[in-house]
Structure formats: structure tokens, C-alpha cells
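Chemist: any chance you could fold what I've pasted below:
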Amino acid sequence: MLGLPKSTEIIRQLPKKAIYDKFELKSSDRQRFDDNISRITLVNEVSPKTTAIAAGETVKAFFVALVTLKTTDCDPKNMQLLTKLIPQNMLYVLEYDGSTRLAVYRTKLLQAEPEPLTELTVSLVGLNLDDVWHNIVIQISGTTMAEGRTLDEQLAADEERAKLLRRIEQIERQARSERQPRRKWELAEEAKRLKL
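Modeler: Numbers count the residues shown, from 1 in each chain. Okay, the predicted model is just below:
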């Protein structure tokens, strides 16, 4: 799966009932989890014992989990919960009705564009697992790293930029529908100021 070496393959079902029992979830979390997720299967373990890649300082191994969804979109709260419950670096393959997408949870849920499962690949690029994991997060998020920024700083900057672009779009829409010339001009000036 994902073009990973055969030596990394493991097939272990994670029963939802075991997750519920072990972590004593609140009924609201359990219901949201059950409404969104059909099945969770660990399909790969990438570690020094399964590949020729050395362990990193922070990333000693990571797992690939195939998450079969009941709905088109995955609830980020479920992925956040799963990430908290399982203290491992997890690469999620979110599958719904033949369409799949890669996802990781790093301060928020980062998802790649949907693709057929047969075309989905992950490159294990790096000298150690820290570098490999870093590159996988960059690949999934579609982030372009700026000079001198850490990955988390770049993700935060990208999020702020997206918020700003949404705000500019909202102001421009407001300006187009405004009837009063003075207010229309003020909105246009505010949009122009935000673009700088």
C-alpha cells in the first residue's frame, strides 16, 4: 500500500469497541466517532526494523492507518481524538466509496487531495525518520517551506494567509453588493489595505 516496502506491511484491525473501552470515551465522542468512522486498520509500520532508515530524535517509527469512513468528509475532531488516544505518529489513509486521501494530524488535520487508492503513493525521503516524517507532512499539506521557518511556523503562516484571503474575499463581496457609494469606497479601500 502507498508504494511502501513489503517489509513494512502489517494488517491489524483496531476494533472501535476496544478503543471505547480502553479510553472510556464520553458518549458524545463515541457517537460522533461511530457516526463518522466504519473501521480502522493498521496496514504499515515504518521503523528501523522494517526499513533501512535510521530512527530520528523524535520520530522512532510511524504507522499507516486505513480509516474507512461512513461519510464523505472526515470529522477533524475524530482524528484529533484518535491522535490523542494513540500516542504514535500516524499517517491516515481516509477511504470513502473508492476515493482516498492522505491525512496527518499536526496541530490540525492536514489532508491531501482525493485520489484513487491505486494511485496513492508516499515517498520515504530523508536520512532518518524525523526527515521522512517531515517530508510526508509537507507532501500532504502542500506547503512550500520558507527560508528559516520550522514546519509548524510555516503551517501557522499558511493558515493566517488563508484566513486573510477569505476576509479579503468577504469584504470584496460586500463592496460589490453595497449601494451607498461612500461605504462601497470604504470597503474597497479596506480590501486594498489588507492585500498589502
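
Chemist: which residues touch residue 99?
Modeler: 114, 115, 116 (C-beta atoms under 8 Å, 6 or more residues apart in numbering). In short, each C-beta sits where N, CA and C put it, glycine included.

Chemist: and the strand ranked longest in the chain, average pLDDT?
Modeler: Criterion DSSP state E: the longest strand present in the chain is strand 37-46. For strand 37-46, the mean pLDDT works out to 92.

Chemist: which residues touch the following helix or strand past that strand?
Modeler: Per DSSP states H and E, the first helix or strand lying C-terminal to strand 37-46 is strand 62-69. Where contact means C-beta under 8 Å, 6+ apart, the residues beyond strand 62-69 that reach it are 1-2, 4, 8, 14, 36-47, 74, 88-96, 122, 129, 133.

Chemist: and the average pLDDT for strand 62-69 is what?
Modeler: Here the average pLDDT along strand 62-69 is 93.

Chemist: now the helices: where do they sit in this protein?
Modeler: 16-23, 27-36, 76-85, 129-141, 151-177, 181-195 (DSSP state H).

Chemist: list the helices and strands the fourth one packs on?
Modeler: In other words, helix 129-141. strand 99-106, strand 108-111, helix 151-177 (3 or more C-beta pairs under 8 Å, 6 or more residues apart in numbering; DSSP states H and E).

Chemist: who wins for proximity to residue 61 among the helices of the chain?
Modeler: Among the helices of the chain, the nearest to residue 61 by C-beta to C-beta is helix 129-141 (6.8 Å).

Chemist: one step back: let me have the helices and strands packed on helix 129-141 in CSV, extended by distance to residue 193 and mean pLDDT.
Modeler: CSV is the format used below for these (distance: least, C-beta to C-beta, whole Å; pLDDT from 0 to 100):
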stretch, distance to residue 193, mean pLDDT
strand 99-106, 32, 90
strand 108-111, 28, 87
helix 151-177, 10, 88
